[in-house]
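Enquirer: here is a sequence with its predicted model. Questions after.
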Amino acid sequence: MITVSLYGTPACPRYQKMRQLVRDEAAHLNLHIQIDEFTETEQLVQFNPISLPRLYINGYLAASQNPPSVKQIAKFFNQEKP
(Lines give C-alpha, C1' and ligand atoms only; values in the text may rest on other atoms or scores of the structure.)
Protein backbone atom coordinates (compact mmCIF):
# COMPACT_ATOMS: atom_id res chain seq x y z
CA MET A 1 0.00 0.00 0.00
CA ILE A 2 1.17 3.50 -0.79
CA THR A 3 1.28 5.89 2.13
CA VAL A 4 0.65 9.59 1.63
CA SER A 5 1.23 12.19 4.35
CA LEU A 6 -0.17 15.66 3.93
CA TYR A 7 0.81 18.48 6.28
CA GLY A 8 -1.02 21.80 6.33
CA THR A 9 -4.39 23.39 6.92
CA PRO A 10 -7.42 21.99 5.10
CA ALA A 11 -8.71 25.50 4.37
CA CYS A 12 -5.68 26.19 2.16
CA PRO A 13 -6.49 25.87 -1.57
CA ARG A 14 -3.02 24.40 -2.29
CA TYR A 15 -3.57 21.76 0.42
CA GLN A 16 -6.94 20.87 -1.11
CA LYS A 17 -5.38 20.70 -4.59
CA MET A 18 -2.61 18.37 -3.39
CA ARG A 19 -5.13 16.05 -1.74
CA GLN A 20 -7.35 15.99 -4.81
CA LEU A 21 -4.47 15.40 -7.24
CA VAL A 22 -3.23 12.44 -5.18
CA ARG A 23 -6.70 10.92 -4.94
CA ASP A 24 -7.40 11.40 -8.64
CA GLU A 25 -4.08 9.92 -9.76
CA ALA A 26 -4.43 6.93 -7.42
CA ALA A 27 -7.90 6.28 -8.84
CA HIS A 28 -6.59 6.70 -12.39
CA LEU A 29 -3.79 4.17 -11.74
CA ASN A 30 -6.13 1.91 -9.72
CA LEU A 31 -3.86 2.08 -6.65
CA HIS A 32 -4.79 1.69 -3.01
CA ILE A 33 -3.42 4.52 -0.93
CA GLN A 34 -3.59 5.57 2.69
CA ILE A 35 -3.72 9.33 3.24
CA ASP A 36 -2.62 10.59 6.65
CA GLU A 37 -3.46 14.24 7.16
CA PHE A 38 -1.58 16.27 9.76
CA THR A 39 -3.45 19.49 10.46
CA GLU A 40 -3.00 20.19 14.16
CA THR A 41 -0.73 23.05 15.20
CA GLU A 42 1.40 20.70 17.31
CA GLN A 43 2.09 18.61 14.19
CA LEU A 44 2.88 21.60 11.98
CA VAL A 45 5.28 23.55 14.23
CA GLN A 46 8.20 21.38 13.11
CA PHE A 47 8.00 23.04 9.68
CA ASN A 48 8.62 26.58 8.50
CA PRO A 49 5.10 27.94 7.85
CA ILE A 50 6.25 29.20 4.46
CA SER A 51 6.99 25.60 3.39
CA LEU A 52 3.41 24.42 4.01
CA PRO A 53 1.54 22.56 2.70
CA ARG A 54 3.86 19.55 2.36
CA LEU A 55 3.15 16.28 0.62
CA TYR A 56 5.07 13.06 1.27
CA ILE A 57 4.54 9.92 -0.80
CA ASN A 58 6.09 6.69 0.47
CA GLY A 59 8.31 8.73 2.78
CA TYR A 60 9.67 11.01 0.04
CA LEU A 61 8.97 14.72 -0.04
CA ALA A 62 6.87 15.06 -3.18
CA ALA A 63 5.89 18.72 -2.86
CA SER A 64 6.33 21.73 -0.63
CA GLN A 65 4.22 24.87 -1.01
CA ASN A 66 2.91 24.23 -4.53
CA PRO A 67 1.04 21.14 -5.74
CA PRO A 68 3.06 18.72 -7.85
CA SER A 69 2.19 17.77 -11.41
CA VAL A 70 0.36 14.54 -12.16
CA LYS A 71 3.60 13.16 -13.69
CA GLN A 72 5.48 13.86 -10.46
CA ILE A 73 2.81 12.11 -8.40
CA ALA A 74 2.92 9.05 -10.67
CA LYS A 75 6.71 8.97 -10.35
CA PHE A 76 6.50 8.94 -6.55
CA PHE A 77 3.79 6.27 -6.62
CA ASN A 78 6.22 4.01 -8.49
CA GLN A 79 9.16 4.48 -6.08
CA GLU A 80 9.98 2.03 -3.31
CA LYS A 81 9.85 3.08 0.33
CA PRO A 82 13.17 4.49 1.61
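Expert: Yep, it's here. Residues are numbered from 1 along each chain as shown.

Enquirer: quick one: residues contacting the closest residue in space to Val4 that isn't next to it in sequence.
Expert: The shortest distance from Val4 to any non-neighbouring residue, by CB to CB, 6 or more residues apart in numbering, is to Ile35 (4.6 Å). C-beta: built from backbone N, CA, C; applies to glycine. Neighbouring residues of Ile35 by CB atoms under 8 Å, 6 or more residues apart in numbering: Val4, Ser5, Leu6, Arg19, Val22, Arg23.

Enquirer: element containing the fourth one?
Expert: Right, Arg19. Assigned by DSSP states H and E, Arg19 falls within helix 13-28.

Enquirer: partner strands of the following helix or strand past that helix and their direction?
Expert: Using DSSP H and E, the next helix or strand after helix 13-28 towards the C-terminus is strand 33-38. Strand 33-38 has the following strand partners under DSSP bridges: strand 2-7 (parallel).

Enquirer: so which residue is dead centre in the protein?
Expert: Leu55 (2.8 Å; CA atoms, centre = their mean).

Enquirer: quick one: list the elements packing against the helix or strand hosting that residue.
Expert: For Leu55, the element it lies in under DSSP H and E is strand 54-57. The contact analysis (3 or more CB pairs under 8 Å, 6 or more residues apart in numbering; DSSP states H and E) places strand 54-57 against strand 2-7, helix 13-28, strand 60-64, helix 70-77.

Enquirer: and the angle from the third one to strand 2-7?
Expert: Between strand 60-64 and strand 2-7, the angle formed by their directions is 40 degrees, by axes from the mean of the first three to the mean of the last three CA atoms, to 10 degrees.
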